Structures are given as structure tokens and as C-alpha cells.
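**Student:** just to be clear, the model below is a prediction. Sequence and coordinates:
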Amino acid sequence: MWTQLLVIVGYYGLAAPRLCLAFREEPSLVETEVGANPVQIEVGEFDEAIEIVEDVVAENPCLNHHCKKGKVCEVDESNTPMCVCQDPSTCPTAEVVFDHVCGTDNKTYDSSCHFFATKCTLEGTKKGHKLHLDYVGPCKYIEPCMDSELKEFPLRMRDWLKNVLVALYEHDKDHNLLTEKQKLRVKKIYENEKRLHVGHHSLDLLAHDFEKNYNMYIFPVHWQFGQLDQHPVDGYLTHTELSPLRAPLIPMEHCTTRFFEQCDSDNDKYIALEEWASCFGIKERKCRHQNYC
Ligand SMILES: *[C@@H]1O[C@H](CO)[C@@H](O)[C@H](O)[C@H]1NC(C)=O
Ligand SMILES: [Ca+2]
Ligand SMILES: [Ca+2]
């Protein structure tokens, strides 16, 4: 499965903004709506028009008011902006099955918009607190993950993370997916002739390679953590932060859920950098900021 997943990697890498947008529960900028405002687009040369824009901004306090996913901005009688739950029926209709998402309640939602709007209506309840976006696509039967399979999971995923990064590096000639500093680190892996190339490798070989070329795996593991740890950047992954990686993976890799559950070894619902590293067999190192590891 992980070999096929490389296709997604390209996808994951290139479409990362889409995935992030789809699953981020953090305040999404209302800027998109500003951009969509034809008054603004057409101003440009006309001074009068610019004044109109200022009026619009002054009149509509919602333009600069950010609401988190599942909420929309509305003004009350005193023209004060506030975030209220979005009515799910105002969500754009899902066009493809891929837009559907499965909640942790094992219910299929038309889109992530429908999901977050529904979650919002449950805010403050125990049910709402426990409800998360589980995975991409309609709910389906996911076969149980056996202990033996769970043991294989980090070996394959570690190899996959390394391949993801190398693939991103290769694509990066056109896109700026990696920073210069990151490129230098991946270049070392990419150019290392001892690198295990993409393919279906036996577990023995994967384990052997990890032992032999341990250093090649450190950066990919830390890099992925840094990619996910964004809201906020604090060395911990929440369920929402983990979502861009977890949600597309679950339908294809049935051990994903168990793996990340056991990765949270102290069971506090957060995956700390130390927990993450140790899940992948990376020894703890003395570095506070994962970007420099
Ligand atoms: C979740 O729903 C799917 C599709 O309706 C079903 O096949 C599956 O068995 C359900 N899973 C659980 C854990 O109830
Ligand atoms: Ca975080
Ligand atoms: Ca934890």
C-alpha cells in the first residue's frame, strides 16, 4: 500500500494547501470573501470607487472578523460582528465522493463544511467535544489492525516519509515547497547512494536499512511533525493538526488509527514531539525547536 501511496505523496505535497484548508479548524481568513467582492476587484483606477470600498469595510464589520471552521460571521443589532454556527444547508454541494468525510461518529458527511457546521451546533455538549473528522471519503468498514500489522506500520511509514520528502525535493524545482535549509538537508539524503529507493521492501530490509542508515530517517520524521505542528507551533499535535496526514491515510491503511492512538503514550490526547519521534524509533535528542533538528 505504501508504494501506491507515493502517488498520493505527490498529491499530498502538491495539494497540501487544499488538504490543510479542508481540515483546519483554526480561524480561516475571511480574506477570500474580500477578494470575491466585485466592488474591490473593479476599483483600481477610480478614486470614487476606492471610497466606496472604504464605506463597505466600515459598514461591514464582518470583513475583518475571522471565524473558525463551521462558523460564519454575522452582525447583531448594534453592528457588532460575531461568529455563529453555519447552517449546513448553506455549504456548497459536494461534487465528488472524495469530498465526503467520515466523522468519528461513523456518520458520512457531504463535505468537511457540512461536518464542521454540524459539529458547531453540538458545541458545549459532550457529543460535540468528542466528535472529530475521522477520515476522507464516506464511512466504510475498516478491518481491525492486528498486533503484528501494527508493528510493521512505523517501519513502512518511516520509509514512506523519507520517500515523500525526496519526492517533494524532486518536485521542488518548480514549486517552493521546501525552504532552502530544508532542501540542503534533503539533498544529502537524495544524493546518498546508499539510499533505499522506492519499492516494496521486506520488513527485514526496512529494519536493516533503518539500523544502517539511521541518520537518513531523522529529518523526514521531524520534518513531518513540523509540517503538522502549526496551530499553534508548540511541539504538540492536536487531533485537528494531525488530520491532514491521518484523514487521507486511514481509508488506505487500516492501522493508522491504532498507530496514532498508541503513539500518544501518555494518553493526554496530544502527540508530543518526543512521543512522535519515539513512535518511529528515533531517539530523543536535545533540541527544543523541531525546525532545527
Ligand atoms: C461504519 O459505517 C460503515 C458504513 O455504514 C459500516 O460498514 C461499518 O461497519 C461501520 N463501522 C463501525 C465501527 O461501526
Ligand atoms: Ca501544535
Ligand atoms: Ca501525549
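**Tutor:** Happy to help now that I have it. Ligands and ions are numbered 1, 2, ... in the order given.

**Student:** now the strands for this protein?
**Tutor:** 27-28, 67-68, 71-75, 81-85, 101-103, 108-109, 133-136, 236-237, 271-272 (DSSP state E).

**Student:** tell me the residues of the chain that contact ligand 1?
**Tutor:** 106, 139-141 (CB under 6 Å from any ligand atom). Where C-beta positions appear, they are placed from N, C-alpha and C, glycine not excepted.

**Student:** can you pull the contacts of Ile189?
**Tutor:** By CB atoms under 8 Å, 6 or more residues apart in numbering, the residues touching Ile189 are 162, 165-166, 195, 216, 219-220.

**Student:** return the distance of the residue lying closest to Asn79 once chain neighbours are set aside relative to ligand 3.
**Tutor:** Once flanking residues are discounted, Asn79 sits nearest to Pro61: 6.1 Å by CB to CB, 6 or more residues apart in numbering. For Pro61, the distance to ligand 3 equals 39 Å [CB to the ion, to the nearest Å].

**Student:** do the same with Tyr109
**Tutor:** Taking CB to the ion, one finds Tyr109 at 27 Å from ligand 3.

**Student:** please name the bridge partners of that residue.
**Tutor:** For Tyr109, the beta-bridge partners under DSSP bridges are Val101.

**Student:** quick thing: my sequence starts at 19, can you match it?
**Tutor:** OK, 19 is where the count begins now, so the last one is Tyr127.

**Student:** what pLDDT does it get?
**Tutor:** Tyr127 carries a pLDDT value of 97.

**Student:** contact partners for it?
**Tutor:** Applying CB under 8 Å, 6+ apart, the residues near Tyr127 are 118-121, 133, 136.

**Student:** again with Phe171
**Tutor:** 163, 271, 273-274, 277.

**Student:** report pLDDT for the residue nearest to Asn97.
**Tutor:** pLDDT at Pro79 comes out at 89.

**Student:** pretty sure it contacts Asp94?
**Tutor:** No: the pair Pro79 and Asp94 fails to qualify as a contact (CB atoms under 8 Å) at a distance of 10.1 Å.

**Student:** the two - which one has more neighbours?
**Tutor:** Pro79 (14 against 9; other CB atoms under 10 Å).

**Student:** now the residue of the stretch 169-311 of the chain found nearest ligand 1, nearest residue through space, not along the chain?
**Tutor:** Here the stretch 169-311 of the chain gets closest to ligand 1 at one residue, Thr275, 10.5 Å apart by CB to the nearest ligand atom. In space, and not counting its chain neighbours, Thr275 is closest to Ile268: 6.2 Å by CB to CB, 6+ apart.

**Student:** hang on, isn't the one you found packed against Tyr153?
**Tutor:** Yes: with contact defined as CB under 8 Å, Ile268 counts as touching Tyr153 (3.7 Å).

**Student:** which one's more surrounded, those two?
**Tutor:** Shown here are Ile268 and Tyr153; by other CB under 10 Å, Tyr153 has more neighbours (23 against 20).
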